[in-house]
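> Need the 3D shape of this:
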Amino acid sequence: MSDTKSTFEDLEIWQLARKLRREISTLVKTFPSEEKYRLSDQMIRASRSVTANIAEGYGRYHFQENIQFCRQSRGSLYETIDHLTVALDEGYIENIAFDDFKEKVFVIIRKLNGYIKYLESRKLNV
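A predicted model of the protein is given here:
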């Protein structure tokens with residue numbers, strides 16, 4: 001018998017962020033070893049923060065708290081862009097890879113903004 005309850009894993013925004021998190025994890029493995037505890041660690045932490053905050057907000061069962069965690073997720077997405085910029089500036093990634101990652105991040109930001117608006121509208125109708 002399967003459980004039909006929905007979870008944060010059913011959210012498209014979480015699924016997209018999970019995919020980005022995996023891609024970031026793969027990317028940083030190509031960085032120089034001296035970046036393991038610097039840029040690589042920061043990029044992994046930021047990308048993990050995105051999915052973790054979406055999950056935690058979902059589990060709060062309170063619209064305003066969920067919105068706040070989604071905003072933290074959005075901040076982590078912008079932080080990820082900054083880390084990607086560092087990787088570009090240091091020559092760890094090429095412009096085409098940077099542009100591809102940046103576009104993926106902005107797609108997630110747009111979808112996250114839509115989810116926040118949805119939560120805000122639900123909050124007003126309760």
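
> host element of the residue most central in space within the chain?
Computing the C-alpha centroid of the chain and ranking residues by Cα atoms, centre = their mean puts V50 first, at 3.4 Å. Taking DSSP states H and E as the criterion, the element that holds V50 is helix 39-58.

> Looking at stretch 47-60 now, give me its mean pLDDT.
Here the mean pLDDT over stretch 47-60 is 97, rounded to a whole number.

> what about the helix or strand hosting F106, distance to the chain center?
Element membership of F106 [criterion: DSSP H and E] is helix 95-124. Here the centre of mass of C-alpha atoms in helix 95-124, compared against the chain's by Cα atoms, centre = their mean, to the nearest Å, lies 9 Å away.

> Buried ones in that helix, by neighbour count?
Along helix 95-124, these residues count as buried under the neighbour rule (16 or more other Cβ atoms under 10 Å): 98, 101, 104-105, 108-109, 112, 115-116, 119. For the C-beta atoms, the positions are set from N, CA and C on the backbone; glycine is no exception.

> Mind putting these into TSV with distance to W14 and pLDDT?
Rendered in TSV, the data for the buried residues of helix 95-124 read as follows (distance: Cβ to Cβ, whole Å; pLDDT from 0 to 100):
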residue	distance to W14	pLDDT
F98	24	98
F101	18	98
K104	15	98
V105	15	98
I108	10	98
I109	14	98
L112	10	98
Y115	9	96
I116	14	96
L119	14	94
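
> What is the nearest of those residues to R22?
Distance from R22 was checked for each of those by Cβ to Cβ. The minimum falls on K104, at 11.5 Å.
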